[in-house]
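Chemist: Show me how the following folds:
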Amino acid sequence: MKDAISDFSSDNFDLIWRPFQLNPDMPLEGMERKKYLELKFGGKNNYKNIYENIYNVGLENNIHFQFEKIAKTPNSFASHKLLALAYKSKKQTQVVETLFYNYFIEGVDIGDIKELVRISKQHNIYQDDISIYLQSKEDRDNLLAEESHAKELGVTGVPCFIINKEFVLFGAQEKKNFLEIFNSINNVN
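Modeler: Numbers count the residues shown, from 1 in each chain. I've put the predicted structure just below:
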């Protein structure tokens, strides 16, 4: 989508990252990655095939996933809280890109509060009470309501793109699909 936005010669885009937990019942401490993958995908061979495909698609898009570095599947809720703070600071896309890089390339546990505090400092959105906030119930209901709304719209996984509150694209998409939607919106306006 980023490529399509940068190639499109229209007015501003407001990109907002909304919360959606793939594993809402994940224990707060997360789960050992291999155990999680075997449970979710029904065995080692199944998840190896799926992740090999994701790895290859990543290479086609100059993303060099390092899945073998991921030791733990995190509970991502605190990451969503950090993104809510980042949104208020107009740094949400930068923070989400850092979260993705840390997790998918470096294997960092993005459910670990210390790591999230480090990322908040990296993006100058650190506050003295951020650790307390990330572990608190503050904003919990709002984030869960957004996630519930996404499910009502039919969202069952990520990525999912909602454009202009009207068009929905599920899964990884080619640039041309975004450009078609952008052009149709532009032609209507």
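Chemist: Now for E138, how many residues are close by?
Modeler: Residues lying near E138 (other C-beta atoms under 10 Å) number 13. Every C-beta, even on glycine, is put in place using the N, C-alpha and C of the backbone.
Chemist: List the residues that contact it.
Modeler: K81 (C-beta atoms under 8 Å, 6 or more residues apart in numbering).
Chemist: Counting by contacts, list what the host helix or strand of K34 packs against.
Modeler: Assigned by DSSP states H and E, K34 falls within helix 33-41. Applying 3 or more C-beta pairs under 8 Å, 6 or more residues apart in numbering; DSSP states H and E, one finds that helix 33-41 contacts helix 44-60, strand 72-73.
Chemist: Keeping just the C-alphas, turn stretch 30-41 into PDB.
Modeler: Extracted in PDB, the C-alpha atoms of stretch 30-41 (Å, rounded to 0.1, in the frame of the first residue of the first chain):
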ATOM      1  CA  GLY A  30       3.100 -15.000  25.400                       C
ATOM      2  CA  MET A  31       3.800 -18.500  24.300                       C
ATOM      3  CA  GLU A  32       6.900 -20.400  23.000                       C
ATOM      4  CA  ARG A  33       6.800 -19.800  19.200                       C
ATOM      5  CA  LYS A  34       7.200 -23.400  18.000                       C
ATOM      6  CA  LYS A  35       4.500 -24.700  20.400                       C
ATOM      7  CA  TYR A  36       2.200 -21.900  19.300                       C
ATOM      8  CA  LEU A  37       2.700 -22.600  15.600                       C
ATOM      9  CA  GLU A  38       2.200 -26.300  16.000                       C
ATOM     10  CA  LEU A  39      -1.100 -25.700  17.900                       C
ATOM     11  CA  LYS A  40      -2.400 -23.100  15.500                       C
ATOM     12  CA  PHE A  41      -1.500 -24.800  12.200                       C
END
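Chemist: Okay, buried residues for it please.
Modeler: G30, M31, R33, Y36, L37 (16 or more other C-beta atoms under 10 Å).
Chemist: And for stretch 142-161?
Modeler: L143, E147, A150, V155, C160, F161.
Chemist: closest to I50 among those residues?
Modeler: C160 (18.0 Å; C-beta to C-beta).
Chemist: residues touching the closest one, list them.
Modeler: F20, A150, V168, L169, F170, G171.
Chemist: Turn those into JSON lines, columns for secondary structure and distance to I105.
Modeler: Listed next are the contacts of C160 as JSON lines, based on DSSP: H, G, I helix; E, B strand; the rest coil; distance: C-beta to C-beta, whole Å:
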{"residue": "F20", "secondary structure": "coil", "distance to I105": "21"}
{"residue": "A150", "secondary structure": "helix", "distance to I105": "26"}
{"residue": "V168", "secondary structure": "strand", "distance to I105": "28"}
{"residue": "L169", "secondary structure": "strand", "distance to I105": "25"}
{"residue": "F170", "secondary structure": "strand", "distance to I105": "25"}
{"residue": "G171", "secondary structure": "coil", "distance to I105": "21"}
